[in-house]
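Enquirer: sequence first, predicted coordinates after that:
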Amino acid sequence: MGLGTTAARGSAITLGGQWVKFLIQFTSIAVLARVLSPDDFGKMAMVMAVVGAATVIGDFGLSLASVQASEISESQRSNLFWINTAIGLLLTLLVFAAAPLFDRFYDVDGLSDIVRAVSVIFVLNGLTVQLRADLTRNLKFVKLTVTEIAAQGIALAVTIPLALLHYGVWSLVAQQIIVSTVLLGSSALLLRWIPNRPTRNADMRSLLSFGTNTMLTQLVTYSSANADSVALGKLHGSTEVGVYDRAYQLFKIPIAQLATPMTRVALPVLSRITDPAVYMAYLVRAQTVLCYVMLGAFAYAAAVAYPLMDLVLGSGWDAAAPIFRILAVGGAFQALSYIYYWVFLSTGRVDVHLRYSLVGRGLMIVAVCVGAIFGSLGTAIGSSVGFVAVWLIYSFVAIPRIGIGTGPLVRSAVRPMMLFGAMFGVASLSLTLFQQVPSFVALALAGMVCVVFVGVVALTSKSVRSDLNALVDTCRKVVG
């Protein structure tokens, strides 16, 4: 089986599982928003925004180091497992001990108890990291997908009853712990691998070097992605964070549905390509798929933000709609940056990735913190400005530094950006005619407008037709 077929089949399996996860996540957001208060979501977001960094540190970039390596021995695998486990255990102890600091920083009572409870997640994740890395490295996409669906499904089945029984924020705490526990148990059961004792004879230098650079980059990225909850929580309290968090969680769904799982498939495939022409061809094809699917999804979501929030979250969440719309605009540029992420990892140039992530993500953190002064809308604007800045820096400064021309990638993004920018305007205008209809009807009508608009443009533009044909061809490979 060729790499193209492997990538397509892997995408089919992964994306199929993502749709199941989407239904679970959508159900979780829709049901819990009607049972729990913004304050509950806000407290959880404030805690996880800070302690979640421990998850990045616990991985230490070693999962990607294992996946990216051309060869890895059994002793190296075992050493990586024990390193991740030790880091996870240490982080659990440190976070547990630091719990009282959360009450003081946010000036909100009760956060320390939540922190102590979720601290167990880090040792669970440490035990899981290399199990999932091994499944990814060996292209075991079915097993990866099954474990993720099981974790999300079981957690939701427990969380909703707890929420209905008025456990409030503790139902969200339980959800996080159950996901980590089930992910560990199911991964271990399916992999059936027992690590050897740690040894000094294995060559770990290159793996640890790659992992350290990757971890630092991920930590910078994580910090920029969660500075919003921290800044809002400090300046405006848990209720405003809760409203922002619901909009942000919905905004992340398109990324989670396509860009993130495509990374799982793309990295082991791209790491095996040695021909520069073939490598670029894969990148351009992947960029085309990402652009037309992701930008289309974000343009539609931004246009229908108000009826979408009403349908998904219910009453009492009106303030989430403008936040979601602004984030969706920035999300389009976040999606465009994923192709560069694959380049950095597959070529092993994580040092360049770290250097320019510090610049781009640093600008995002500044923009978010300044925006937070003006509330949740200002925070959303700061995040979107940051996503644009990161894409520009990667496109015109970082990627050229590693000897790869970004011209073909940027050009492949221009047409869909123009197409879906216009589609957003047309769909938004059409919604002014549907203000009195139920939300689900408005969503359907706006969707029909979008389809008709794209169809008309495709009929009149040879370039757009060519792009759409490439997208259809990729879909055929996926289902074939």
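Expert: Yep, it's here.

Enquirer: what about residue 55, which helix or strand?
Expert: Residue 55 is part of helix 53-59, with elements assigned from DSSP states H and E.

Enquirer: which parts of stretch 294-312 count as buried, going by neighbours?
Expert: 294-310, 312 (16 or more other C-beta atoms under 10 Å). Bear in mind the C-beta positions are built from the backbone N, C-alpha and C, glycine included.

Enquirer: what lies in contact with the helix or strand encompassing residue 77?
Expert: Applying DSSP H and E as the criterion places residue 77 in helix 74-97. Under the contact criterion C-beta atoms under 8 Å, 6 or more residues apart in numbering, helix 74-97 has outside partners 51, 54, 57-60, 62-63, 65-66, 115-116, 118-127, 129-131, 133-134, 195-199, 201-204, 207.

Enquirer: domain map for the chain?
Expert: 36-203, 229-480 (automatic domain parsing).

Enquirer: quick one: end-to-end distance for the first one.
Expert: So that's domain 36-203. Domain 36-203 has an end-to-end distance of 50 Å (C-alpha to C-alpha, to the nearest Å).

Enquirer: show the average pLDDT along stretch 220-236.
Expert: Taken as a whole, stretch 220-236 has a mean pLDDT of 86.

Enquirer: so what's the residue count around the closest residue to residue 36 other than its chain neighbours?
Expert: Nearest in space to residue 36, with sequence neighbours left out and distances taken as C-beta to C-beta, 6 or more residues apart in numbering, is residue 163 at 5.6 Å. Residue 163: 23 surrounding residues under other C-beta atoms under 10 Å.

Enquirer: the helices in the stretch 251-400 of the chain, which residues?
Expert: Taking DSSP state H, counting those that start in this stretch to define them, one finds helices in the stretch 251-400 of the chain at 260-270, 276-290, 296-303, 305-313, 320-347, 350-372, 376-393.

Enquirer: ok, which of the ones you listed comes nearest residue 430?
Expert: helix 296-303 (8.3 Å; C-beta to C-beta).

Enquirer: contacts made by whichever helix or strand residue 127 is part of with the rest, please.
Expert: According to DSSP H and E, residue 127 maps onto helix 120-137. By C-beta under 8 Å, 6+ apart, the residues outside helix 120-137 that reach it are 54-55, 58-59, 62-64, 66-67, 72, 77, 80-81, 84-89, 91-92, 95, 143-144, 147, 176-177, 180-181, 183-184, 187-188, 190-191, 193, 195, 264, 267-268.

Enquirer: cool, stretch 395-404 as well?
Expert: So stretch 395-404 is in contact with 280, 340, 343-344, 347, 349, 352-353, 355-356, 406, 409-410, going by C-beta under 8 Å, 6+ apart.

Enquirer: and what about the residue in the chain sticking out farthest from the centre, helix, strand or coil?
Expert: Seen from the C-alpha centroid of the chain, the residue lying at the greatest distance (C-alpha atoms, centre = their mean) is residue 201, 36.5 Å away. Three-state call for residue 201 (DSSP: H, G, I helix; E, B strand; the rest coil): coil.

Enquirer: now the phi/psi pair for residue 197, please.
Expert: phi -70, psi 150 (degrees, to the nearest 10).

Enquirer: now do the contacts for it.
Expert: residue 78.

Enquirer: measure it to residue 321 for me?
Expert: 55 Å (C-beta to C-beta, to the nearest Å).

Enquirer: re the thing from before, need the buried ones from the contacts of stretch 395-404 selected in ChimeraX.
Expert: Selecting just the buried residues from these in ChimeraX takes one command, with 16+ other C-beta under 10 Å as the test:
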select :280,340,343,344,347,349,352,353,356,406,409,410
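
Enquirer: hmm, which two among the contacts of stretch 395-404 are most spread apart?
Expert: 280 and 355 (22.9 Å).

Enquirer: any low-confidence regions in the stretch 301-450 of the chain?
Expert: Scanning the stretch 301-450 of the chain for pLDDT under 70 picks out nothing.

Enquirer: the following helix or strand past the helix holding residue 127 packs against which elements?
Expert: Downstream of helix 120-137, the first helix or strand assigned by DSSP H and E is helix 141-164. For helix 141-164, the elements it packs on are helix 3-35, helix 120-137, helix 169-191, helix 260-270, judged by 3 or more C-beta pairs under 8 Å, 6 or more residues apart in numbering; DSSP states H and E.

Enquirer: next helix or strand past the first one?
Expert: Stepping forward along the backbone from helix 3-35, the first helix or strand reached (DSSP H and E) is helix 38-51.

Enquirer: angle of that following helix against helix 141-164?
Expert: 140 degrees (axes from the mean of the first three to the mean of the last three C-alpha atoms, to 10 degrees).

Enquirer: turn the contacts of stretch 395-404 into JSON lines, including distance to residue 437.
Expert: Output for these, formatted as JSON lines (distance: C-beta to C-beta, whole Å):
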{"residue": "280", "distance to residue 437": "47"}
{"residue": "340", "distance to residue 437": "41"}
{"residue": "343", "distance to residue 437": "45"}
{"residue": "344", "distance to residue 437": "46"}
{"residue": "347", "distance to residue 437": "51"}
{"residue": "349", "distance to residue 437": "51"}
{"residue": "352", "distance to residue 437": "51"}
{"residue": "353", "distance to residue 437": "47"}
{"residue": "355", "distance to residue 437": "51"}
{"residue": "356", "distance to residue 437": "47"}
{"residue": "406", "distance to residue 437": "44"}
{"residue": "409", "distance to residue 437": "41"}
{"residue": "410", "distance to residue 437": "40"}
